[in-house]
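Asks: kindly generate the corresponding structure for this input.
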Amino acid sequence: MLWLLTGCTITPVHRYDLSVQLTNDSNRTLTVEGRSNLPEGAPIEAILSTPEDGLSVARARGEVRRGRYYLILDVTRAPGGQPLDLEVMFDPLLASATLRDKVGPAGVGMGGSLVEDRDGRNVLVKRLAVLLPMESREAALRNIDPSNPEAGIQRMESYVLRNPEDTQAAVHLALVLLHLREPERHPGSRAHALLSRALDLAPSLDYPPDARRWLTSLDTEQRELEAQRALRERMESANPRRMVQMNGVVIPGVQLGGVVMGTRPGRLFAQFWPEPFPSYQGTEVEVVRIKDLYDVHIGIDPVSRQIVSAATHSEFYRLQEGALGVGSLLQEVQEVYPRARGKYGPASIREDGTEISVGMADVGGLRFELTRHVDPQFRLPVVTVTGLEVYLP
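Replies: Next comes the predicted model:
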């Protein structure tokens, strides 16, 4: 035993140690247990984190009792098939005053190979590399970490894209999107398309009850919208000068819903007020916004006073061919427009390692705004349509 003189106090230095044994229960819980000669009641904390950014995915606390400790980590949100860092440690900062008296101020009475300085105090820490072995499907369908949901969504998107026949995985992804993203809770969304396709391909499988409830709700809302659209079309047919036809049909170079290229916007503005109202001055195209048309931005040539473009980020507007629109995958776009090729700007990298870049694909009279995600594990890009712009060729 060593003795350490600190101020007017002599603190004995003890050599402390702890062992670690792990038990993985079906990748749902990770039992962390072992022996330690730390004082009775010493708090032990286990933290499981990703090595790239140190993001904690699971943690638990326990105490030393009769020379042993026992912790259970919930690892249902931990990513599988990749290395993780596990720290098992005793931090005097978390200990009671009585325990701190035994290990000295700021842990100065602790010695041994596992003791290290952390922010001016000694901590006892054991580090291990952990890998949760699992198939790619299980890894993709792991519970979403609320602190970083986009990483889990991109992991699932990547798996569903590579395994289109796995309808249960598609339904799982749809329910996650519906839970986390409000725009997905409308007819024609990506989640709606996933549910429709899955239940059409394999209607007899045992899906979560929420899947059928959501599909019924979205289908009903879609039928109501179609009935409203049919009513507006009948009213337009009966009195074409009174009402601009409001619909979600996209035709490249021709129209975005009721916004028709090459026409004057007078009737449109009489029914839907623009922000701001165009000044019709100069030669540069003026862009105005109409919120009541699902937030469409309209470009007007001040010289000819004609509509030359219309852009949207709403899922209301869809192409007649393939029902393409915001939320569709580039792969789906290319089935209708084989020459659609995205051109992207520089990529940014999120904390979880996902690469994100924004781009555009022009098919003549129509531009698709694209967002590309590259999963750090599988390196498979997932490209989604995030906006549409119809323009006068």
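Asks: quick one, strands of the stretch 251-393 of the chain?
Replies: 255-256, 259-260, 286-290, 296-301, 306-312, 318-319, 343-344, 348-349, 355-362, 366-374, 381-391 (DSSP state E, counting those that start in this stretch).
Asks: out of those strands, nearest to residue 41?
Replies: The closest of these to residue 41 is strand 348-349. By CB to CB, the value is 43.8 Å. All C-beta atoms are positioned from the backbone trio N, CA, C, and that covers glycine.
Asks: okay, now the unreliable bits of the stretch 101-250 of the chain?
Replies: 136-148, 228-229, 231-246 (pLDDT under 70).
Asks: could I get the full set of strands for it?
Replies: Going by DSSP E, counting those that start in this stretch, the stretch 101-250 of the chain shows strands at 110-111, 115-118, 121-131, 249-251.
Asks: and the second one, which strands flank it?
Replies: Paired neighbours of strand 115-118 in the sheet (DSSP bridges): strand 121-131 (antiparallel).
Asks: who touches the strand it pairs with?
Replies: 16-20, 22, 30, 38, 48, 81-93, 103, 106-108, 110, 112, 114-116, 118 (CB atoms under 8 Å, 6 or more residues apart in numbering).
Asks: bridging residues for residue 357?
Replies: Under DSSP bridges, the beta-bridge partners of residue 357 are residue 372.
Asks: any idea of the pLDDT on it?
Replies: We note a pLDDT of 92 for residue 357 in this prediction.
Asks: contact partners for it?
Replies: Residue 357 neighbours (CB under 8 Å, 6+ apart): 344-348, 371-372.
Asks: now, among the residues you listed, which is nearest to residue 378?
Replies: Looking across the contacts of residue 357 and measuring by CB to CB, the closest to residue 378 is residue 372, at 14.0 Å.
Asks: how about the contacts made by that closest one?
Replies: 342, 344, 347, 355-359, 381-383.
Asks: which of these are buried?
Replies: 342, 344, 357-359, 381-383 (16 or more other CB atoms under 10 Å).
Asks: domain ranges for this protein?
Replies: 2-131, 165-229, 247-318 (automatic domain parsing).
Asks: output these as a markdown table; include the columns distance to residue 393.
Replies: Shown next, in a markdown table, are the domains of the chain (distance: least, CB to CB, whole Å):
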| stretch | distance to residue 393 |
| --- | --- |
| domain 2-131 | 46 |
| domain 165-229 | 26 |
| domain 247-318 | 5 |
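Asks: number of residues surrounding residue 64?
Replies: Using other CB atoms under 10 Å, residue 64 has 22 other residues around it.
Asks: distance of it from residue 105?
Replies: Between residue 64 and residue 105 the distance is 20 Å, computed by CB to CB, to the nearest Å.
Asks: separation between residue 111 and residue 124?
Replies: 10 Å.
Asks: can you give me the pLDDT of residue 6?
Replies: 49.
Asks: one more: the one 10 residues further on?
Replies: Reading off the confidence values, residue 16 has pLDDT 92.
Asks: confirm for me that it is in contact with residue 112.
Replies: Yes: counting by CB atoms under 8 Å, residue 16 touches residue 112, with 5.2 Å between them.
Asks: tell me which of those two has more neighbours.
Replies: residue 16 (22 against 14).
Asks: now do the phi/psi pair for that one.
Replies: Torsion angles at residue 16 (phi, psi; degrees, to the nearest 10) stand at phi -110, psi 150.
Asks: what sits against it?
Replies: So residue 16 contacts 36-38, 90, 103, 110-112, 114-115, 124 (CB under 8 Å, 6+ apart).
Asks: let's see that with 6 Å instead.
Replies: By CB atoms under 6 Å, 6 or more residues apart in numbering, the contact list for residue 16 reads 37-38, 110, 112, 124.
Asks: and which of these is nearest residue 311?
Replies: Distances from residue 311 to these, taken by CB to CB, are shortest for residue 124, at 59.2 Å.
Asks: what residues are bridge-paired with the closest one?
Replies: Applying DSSP bridges, one finds that residue 124 bridges with residue 90, residue 115.
Asks: mind listing the helices for the stretch 101-250 of the chain?
Replies: 136-140, 149-162, 167-180, 190-201, 209-238 (DSSP state H, counting those that start in this stretch).
Asks: return the most buried member of the strands of the stretch 251-393 of the chain.
Replies: strand 255-256 (a mean of 25; mean count of other CB atoms under 10 Å).
Asks: residue 293: neighbour count?
Replies: Residue 293 has 24 nearby residues by other CB under 10 Å.
Asks: got the helices of the stretch 101-250 of the chain as a markdown table, with distance to residue 290 and mean neighbour count columns?
Replies: Shown next, in a markdown table, are the helices of the stretch 101-250 of the chain (distance: least, CB to CB, whole Å; neighbours: other CB atoms under 10 Å):
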| stretch | distance to residue 290 | mean neighbour count |
| --- | --- | --- |
| helix 136-140 | 40 | 18 |
| helix 149-162 | 30 | 20 |
| helix 167-180 | 28 | 21 |
| helix 190-201 | 25 | 20 |
| helix 209-238 | 16 | 14 |
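Asks: distance to residue 261 added to those helices, as JSON lines?
Replies: Formatted as JSON lines, the helices of the stretch 101-250 of the chain follow (distance: least, CB to CB, whole Å):
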{"stretch": "helix 136-140", "distance to residue 261": "42"}
{"stretch": "helix 149-162", "distance to residue 261": "33"}
{"stretch": "helix 167-180", "distance to residue 261": "33"}
{"stretch": "helix 190-201", "distance to residue 261": "27"}
{"stretch": "helix 209-238", "distance to residue 261": "18"}
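Asks: of all those, which lies closest to residue 251?
Replies: helix 209-238 (15.4 Å).
Asks: for residue 313, give me phi and psi.
Replies: phi -120, psi 10.
Asks: how far away is it from residue 351?
Replies: Residue 313 is 25 Å from residue 351, by CB to CB.
Asks: more neighbours: these two, which one.
Replies: Taking neighbours as other CB under 10 Å, residue 313 and residue 351 compare with residue 313 leading, 16 against 12.
Asks: could you find the closest non-adjacent residue to that one?
Replies: residue 387 (4.7 Å; CB to CB, 6 or more residues apart in numbering).
Asks: does the one you found touch residue 369 like I think?
Replies: Yes: using CB atoms under 6 Å, residue 387 is in contact with residue 369, at 3.2 Å.
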